[in-house]
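Trainee: Provided below are the primary sequence and the corresponding predicted coordinates.
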Amino acid sequence: MALFTNLLRRARARDADALEQLLVHVEDRLRRFVDTRLGEKLRARMRESDVLQTAYVEVVRSIPKFRGQSEGEFVTWIMSIIENGIRRENRWFAARKRRMPESTTERNVLARLLLDPPATPSQEMMQLEERALFAAALQRLPQHYAEIIDLVLLQGMSHEDAALRMNKTASATRMLLSRARAALMTEVDRIERDSTS
């Protein structure tokens, strides 16, 4: 109990390592919750790890405002974030919108960086800016987050191969990648906010 309280206090103070320890500790429960709540239609369109990644972004952003004290309250808080995210996705798919709202995410940045080279000088300049944004965000991450992103997303390594390289199980690298992507998205957003303020 004292360990949880100490980690929570540090996580509220934006200690990324403490928050990661808390998330690792409760992740199996969160995965089971997602599994029971996702539903057939949504499961066909998105993975469990996508749901967790989205929730983790909100957790990273909102942890200083979390007022609970116990592990149960912490898990319940994250489950409510997951539930709200699932409802939002269900409404989006039910409305059959043609495309998602525009927002900068690490997935969008990665997609633009890894696709065909830009056709015009202005597109090339924009891609250079996005590369710089991605590199800056990646440098702010803990080393193991940056490593899993590099191995799986940039080098295209399978989770099995990345697990061997990192001396982890494939399941552990999948969970790690979810947390790493959430942290990367948060850093991209933070850098963009800092640059416009």
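Mentor: Looks like it came in fine.

Trainee: and the lengthiest helix in the chain, which residues are buried?
Mentor: Of all segments of type helix in the chain, defined using DSSP state H, the longest is helix 170-196. Going by neighbour count (16 or more other CB atoms under 10 Å), the buried part of helix 170-196 is 172-189, 191. Any C-beta I mention is one placed from the backbone N, CA and C, and that applies to glycine too.

Trainee: please apply the same query to stretch 30-42.
Mentor: Neighbour-count burial for stretch 30-42 flags 30-31, 33-34, 38, 42 (criterion: 16+ other CB under 10 Å).

Trainee: average pLDDT for the longest helix of the chain?
Mentor: Summarised as a single mean, pLDDT over helix 170-196 is 81.

Trainee: likewise for stretch 160-167?
Mentor: For stretch 160-167, the per-residue pLDDT averages 92.

Trainee: which residues sit against that stretch?
Mentor: 144, 147-148, 151-152, 157, 168-170, 172-173, 176 (CB atoms under 8 Å, 6 or more residues apart in numbering).

Trainee: likewise stretch 32-44?
Mentor: 46, 48, 51-52, 79, 82-83, 86, 89-90, 93.

Trainee: which member of those residues is positioned nearest residue 68?
Mentor: residue 79 (12.0 Å; CB to CB).

Trainee: correct me, but the closest one touches residue 31?
Mentor: No. Using CB atoms under 8 Å, residue 79 is not in contact with residue 31, being 11.4 Å away.

Trainee: name the residues of stretch 44-56 that are buried.
Mentor: For stretch 44-56, the neighbour count (16+ other CB under 10 Å) marks 48-56 as buried.

Trainee: what does stretch 136-152 give?
Mentor: For stretch 136-152, by 16+ other CB under 10 Å, it's 137-138, 140-141, 144-149, 151-152.

Trainee: stretch 152-169 too?
Mentor: Of the residues in stretch 152-169, those buried under the neighbour-count criterion (16+ other CB under 10 Å) are 152-153, 157, 159, 162-163, 168.

Trainee: what packs against the strand or helix carrying residue 73?
Mentor: Using DSSP states H and E, residue 73 maps to helix 71-95. Applying 3 or more CB pairs under 8 Å, 6 or more residues apart in numbering; DSSP states H and E, we find helix 71-95 packed against helix 2-12, helix 16-37, helix 40-43, helix 48-62.

Trainee: hmm, try it at 6 Å
Mentor: Other helices and strands packing on helix 71-95, by 3 or more CB pairs under 6 Å, 6 or more residues apart in numbering; DSSP states H and E, are helix 16-37, helix 48-62.

Trainee: so where's this protein uncertain?
Mentor: The chain contains residues with pLDDT under 70 at 1, 92-128, 197.

Trainee: domains for it, by residue range?
Mentor: Here the domain parsing of the chain from automatic domain parsing is 2-95, 106-196.

Trainee: and the gap between residue 74 and residue 67?
Mentor: Distance of residue 74 to residue 67, given as CB to CB, to the nearest Å: 11 Å.

Trainee: which one of the buried residues of stretch 136-152 is nearest to residue 3?
Mentor: residue 144 (20.5 Å).

Trainee: how close does that closest one sit to residue 183?
Mentor: Distance from residue 144 to residue 183, by CB to CB: 11 Å.
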